[in-house]
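Q: Give me a model of this one.
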Amino acid sequence: MSGNERQFLPLNIAILTVSDTRTEDEDISGKTLVERLESAGHHLFSKAIVADDIYQIRAAVSSWVADEQVNVIISTGGTGVTGRDGTPEAIEPLLDKTLSGFGEVFRMLSYQDIKTSTIQSRAVAGVANATYIFCLPGSASACRTAWDSLISEQLDFRTKPCNLVQLMPRLLEK
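A: Numbers count the residues shown, from 1 in each chain. Below is the predicted model:
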């Protein structure tokens with residue numbers, strides 16, 4: 001390895017499934033994310049399923065945001081437009097900064113698979129207390145698209161020209 005090559009830095013990632021109906025056995029989207037993060041070399045810090053209720057979502061995410069060991073939180077579910085979809089409303093007030101480009105690029109990529117139905121997705125991402133948060137739709141396909149095409153590279157310190165991991169030491173700067 002040459003002197004300017006970066007080494008992989010494993011991160012602690014928490015997975016939150018937002019659903020009124022899924023159980024651990026039926027949580028294909030959550031399992032998909034766990035498999036992908038572990039295959040990439042990251043650590044599963046914690047995994048939970050909560051009802052699609054903004055206060056339950058916010059409580060789970062807030063506890064992880066307050067834990068300095070958690071580097072990343074990825075939620076799946078609750079990003080649609082129905083009356084019970086409340087993940088963005090739960091998470092956005094917690095964010096110190098938003099990563100608007102994430103939702104924009106995610107929907108662009110999703111368009112290739114689901115065409116105009118992608119406008120129904122309110123996928124969002126941002127940073128809260130030096131913790132990256134990604135809110136994905138509830139389908140396993142959407143989770144694969146987000147991880148494979150966006151999140152995995154940005155959570156890999158080796159990705160050039162830049163990645164989210166290299167910014168982590170500076171996230172709490174004032």
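Q: What's the local residue count around the closest residue to Gly41 other than its chain neighbours?
A: Nearest residue to Gly41, sequence neighbours excluded (C-beta to C-beta, 6 or more residues apart in numbering): Pro10, at 5.2 Å. C-beta here means a position set from N, CA and C on the backbone, and glycine is covered the same way. Pro10 has 14 neighbours, counted by other C-beta atoms under 10 Å.
Q: my guess is Pro10 contacts Phe45, does it?
A: No - Pro10 lies out of contact with Phe45 (C-beta atoms under 8 Å); the separation is 10.9 Å.
Q: ok, back up a step: mind checking the SS state of the residue nearest to Gly41?
A: coil (DSSP: H, G, I helix; E, B strand; the rest coil).
Q: Same check on the one 3 residues further on?
A: Under the three-state scheme (three-state DSSP), Ile13 adopts strand.
Q: gap between it and Gly41?
A: 11 Å (C-beta to C-beta, to the nearest Å).
Q: next one: the longest helix belonging to the chain to chain centre, how far?
A: Using DSSP state H, we find that the single longest helix of the chain is helix 100-114. With C-alpha atoms, centre = their mean, to the nearest Å as the basis, helix 100-114 stands 14 Å off its chain's centre.
Q: Which other helices and strands does that helix contact?
A: Counting contacts by 3 or more C-beta pairs under 8 Å, 6 or more residues apart in numbering; DSSP states H and E, helix 100-114 packs against strand 124-128, helix 140-146.
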